[in-house]
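Undergrad: okay, here's the prediction I keep looking at, along with the sequence it came from:
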Amino acid sequence: EDQVTQSPEALRLQEGESSSLNCSYTVSGLRGLFWYRQDPGKGPEFLFTLYSAGEEKEKERLKATLTKKESFLHITAPKPEDSATYLCAGRMNTGFQKLVFGTGTRLLVSP
Amino acid sequence: GAVVSQHPSRVICKSGTSVKIECRSLDFQATTMFWYRQFPKQSLMLMATSNEGSKATYEQGVEKDKFLINHASLTLSTLTVTSAHPEDSSFYICSASETSGAYNEQFFGPGTRLTVL
């Protein structure tokens, strides 16, 4: 069964305290591992897509990495405005390219 | 960048009524649109996938007669919740993809909060 699992469920950091979020997946014929940011009451905002093991992508304080079984979202020196829920999703190898989402990690960065 | 809008952003209705939610791709043509439902503190659950001009493909457990999807043009898809009940109250989010190719991106709308009284 295709499945995406994220940990931890919630993470509280002090401003400037770096950490990593984990996303492990079992998706048959994975065609991309996606990271999104979701603010309360809003739709997900696209962050990264990773396609192959060893790939890394960066955007400001965020860096996403991918292995054959999991992906990490590293947050370096976070700021309060980084507080949000971070979702990862695996895209299945089907005709419509469905996304299978994890339950997300709720990040709270305190000043 | 690719922008997807939804209307309305919030709707409150009485039990038994029908509600229509619109999803529009503003600056690209969306070959494929997806409809998701998200309950509080839970992740997005795919309800259905639609391609322009053809019938939607529903996920297992989603009633196609209750959640009517129409993808009439390359920029508009609608979700109609028919005979809504309180258990249908949720956050409904659409996404759109420019093509159905292997490496297309999905861009999400801002969501519609449905409350059924």
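TA: Noted; the coordinates are in hand. The structure presented is a predicted model; accordingly, all values stated were derived computationally and were not measured. Residues are numbered from 1 along each chain as shown, chains lettered A, B, ... in the order given.
Undergrad: find the closest residue to chain A in chain B.
TA: B:Phe108 (3.9 Å; CB to the nearest CB). From N, CA and C alone the C-beta is placed, and that goes for glycine too.
Undergrad: any idea how far the nearest residue to that residue once chain neighbours are set aside is from B:Met33?
TA: Excluding its sequence neighbours, the residue lying closest to B:Phe108 (CB to CB, 6 or more residues apart in numbering or on different chains) is A:Gly43, at 3.9 Å. For A:Gly43, the distance to B:Met33 equals 13 Å [CB to CB, to the nearest Å].
Undergrad: which one of those two has more residues nearby?
TA: Neighbours were counted for A:Gly43 and for B:Met33 using other CB atoms under 10 Å in any protein chain shown; B:Met33 has more, 29 against 22.
Undergrad: OK, contacts around the closest residue to that one other than its chain neighbours?
TA: Distance criterion CB to CB, 6+ apart; nearest residue to B:Met33, sequence neighbours excluded, is B:Ser77 at 4.1 Å. Counting by CB atoms under 8 Å, 6 or more residues apart in numbering or on different chains, B:Ser77 touches B:Glu22, B:Cys23, B:Ala30, B:Met33, B:Trp35, B:Ser50, B:Ile69, B:Asn70, B:His71, B:Cys94, B:Ala96.
Undergrad: change it to 10 Å
TA: By CB atoms under 10 Å, 6 or more residues apart in numbering or on different chains, the residues touching B:Ser77 are B:4, B:21-25, B:30, B:32-35, B:48, B:50-52, B:56, B:69-71, B:94, B:96, B:109.
Undergrad: partners of B:Thr57 in the sheet?
TA: Applying DSSP bridges to B:Thr57 yields these beta-bridge partners: B:Thr49.
Undergrad: contact residues of chain A facing chain B?
TA: Counting by CB under 10 Å from any CB of the partner chain, chain A comes close to chain B at A:4, A:6, A:9-10, A:31-32, A:34, A:36, A:38-39, A:41-46, A:49, A:51, A:85, A:87-89, A:91, A:93-104, A:106.
Undergrad: narrow the residues you listed to those in strands?
TA: A:4, A:6, A:10, A:34, A:36, A:38, A:45-46, A:49, A:85, A:87-89, A:91, A:99-101, A:106 (DSSP state E).
Undergrad: host element of the residue sitting nearest the centre point of chain B?
TA: The residue lying closest to the centre of chain B (CA atoms, centre = their mean) is B:Trp35, at 3.4 Å. Using DSSP states H and E, B:Trp35 sits in strand B:32-38.
Undergrad: for that strand, name the packing helices and strands.
TA: When contacts are defined as 3 or more CB pairs under 10 Å, 6 or more residues apart in numbering or on different chains; DSSP states H and E, strand B:32-38 packs onto strand A:99-101, strand B:19-25, strand B:45-51, strand B:67-73, strand B:76-81, strand B:90-97, strand B:106-108.
Undergrad: buried sites along the third one?
TA: Think strand B:45-51. Burial within strand B:45-51, assessed by neighbour count using 16 or more other CB atoms under 10 Å in any protein chain shown, is assigned to B:Met45, B:Leu46, B:Met47, B:Ala48, B:Thr49, B:Ser50, B:Asn51.
Undergrad: do the first one as well
TA: If you call a residue buried by 16+ other CB under 10 Å, then strand A:99-101 has these buried ones: A:Leu99, A:Val100, A:Phe101.
Undergrad: that one - contacts with which helices or strands?
TA: Under the contact criterion of 3+ CB pairs under 10 Å, 6+ apart, strand A:99-101 touches strand A:3-7, strand A:33-38, strand A:84-91, strand B:32-38, strand B:45-51.
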